[in-house]
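1. sharing a sequence plus its predicted fold:
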Amino acid sequence: MAKLTLARRLTYDIASNWKNVVDNFLECYHCHVAHKDFVSLVDMSTYQVTTYGIHSSHMAQAGRTENSAYDVSGATVTEHAVWWLWPNTCLLRYPGRGNFMVLQIIPAGPERTREIWDFYLETAEPDEAELDSIRYIDEILQVEDIALVESVQRGMRTPAFTQGKIVYDPGGSGLSEHAVHHFHGLVLEAYRRELGRA
Ligand SMILES: [Fe+2]
């Protein structure tokens, strides 16, 4: 990581509460349905989500050459590795050259979130493959996820919404939403702590 340098920053303005954006980040139950290119890059049968005290990790084998997301020929990193740190910081390492990404999910209003996605790469100028992966994240993956979380926000605003349900797989697969449940527990604890102080 000491050898990496900031090469690109992407920012997004999202019409959703920040907690919906974090929810979306913490499970891959929606991946097969929403991210057809992502599931061709990542071997979903190896996807494992593990929760710890105040963070969770999301690991999978990835970097299939025959994928529709982006070019990974010559990749030195062949793992999809993602961490979420309470409350709103995400660290990511995608298949490709040496890379590390920092995604901040910043509350900007009850139904507004700002995202800042920083790419740290081996060189300040991304190579062709990295430009390809940045384009994939910016023009496909983010577009798919932002559409999802904004639609969840619209749904939650209707009187029909009371609460959601959690899909749970004890095996800890990406299809399970236990990391969402873990996040909700931390939110609840934070509210209780503040109310206790009031
Ligand atoms: Fe997603």
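-> Structure's in. What do you need?

2. what about stretch 86-97, how long is it end to end?
-> End-to-end span of stretch 86-97 (Cα to Cα, to the nearest Å): 27 Å.

3. how close does the residue lying closest to Asp43 once chain neighbours are set aside sit to Gln48?
-> Excluding the flanking residues, the one nearest Asp43 by Cβ to Cβ, 6 or more residues apart in numbering is Gln61, at 4.4 Å. For the C-beta atoms, the positions are set from N, CA and C on the backbone; glycine is no exception. Going from Gln61 to Gln48 by Cβ to Cβ, to the nearest Å gives 10 Å.

4. Ile54 against Phe183, yeah?
-> No - using Cβ atoms under 8 Å, Ile54 makes no contact with Phe183, being 9.9 Å away.

5. which of the two has more neighbours?
-> Legend: neighbour count by other Cβ atoms under 10 Å for Ile54 and Phe183, higher for Phe183 (23 against 13).

6. show me what contacts the spatially closest residue to Val42 that is not a sequence neighbour?
-> Leaving aside its sequence neighbours, Val42 sits nearest to Ala62 (Cβ to Cβ, 6+ apart; 4.3 Å). By Cβ atoms under 8 Å, 6 or more residues apart in numbering, the contact set of Ala62 is 41-43, 78-80, 94-95.

7. are any of those residues buried, and if so which?
-> Those of these that meet the buried threshold are 41-42, 79-80, 94-95, by 16 or more other Cβ atoms under 10 Å.

8. now, the most widely separated pair of those?
-> The distance between the two most remote of these (Cβ to Cβ) is 11.4 Å, for Leu41 and Glu79.

9. now the closest residue to Ile54 other than its chain neighbours: how far from Val102?
-> Spatial nearest neighbour of Ile54, chain neighbours left out: Trp86 (4.0 Å); criterion: Cβ to Cβ, 6+ apart. The gap separating Trp86 from Val102 is 15 Å, by Cβ to Cβ.

10. ditto for Arg8
-> Using Cβ to Cβ, Arg8 is found at 12 Å from Val102.

11. again with Leu186
-> In terms of Cβ to Cβ, Leu186 sits 20 Å off from Val102.

12. rounded mean pLDDT for stretch 130-150, please.
-> Model confidence over stretch 130-150, given as mean pLDDT, is 97.

13. how far off centre is that stretch?
-> With Cα atoms, centre = their mean, to the nearest Å as the basis, stretch 130-150 stands 11 Å off its chain's centre.

14. end to end, how far does that stretch reach?
-> 28 Å.

15. in it, what counts as buried?
-> Residues of stretch 130-150 classed as buried by neighbour count (16+ other Cβ under 10 Å): 130, 133-134, 136-137, 140-142, 144-146, 148-150.

16. repeat that for stretch 14-31.
-> In stretch 14-31, counting by 16+ other Cβ under 10 Å, buried: 14, 16-31.

17. mind checking which of these land in helices?
-> Per DSSP state H, helices hold the following members of those: 18-25, 31.

18. got CSV for these, with pLDDT and distance to Cys90 too?
-> Formatted as CSV, those follow (pLDDT from 0 to 100; distance: Cβ to Cβ, whole Å):
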residue, pLDDT, distance to Cys90
Trp18, 98, 12
Lys19, 98, 14
Asn20, 97, 14
Val21, 98, 10
Val22, 98, 8
Asp23, 98, 13
Asn24, 97, 11
Phe25, 97, 6
Cys31, 95, 16
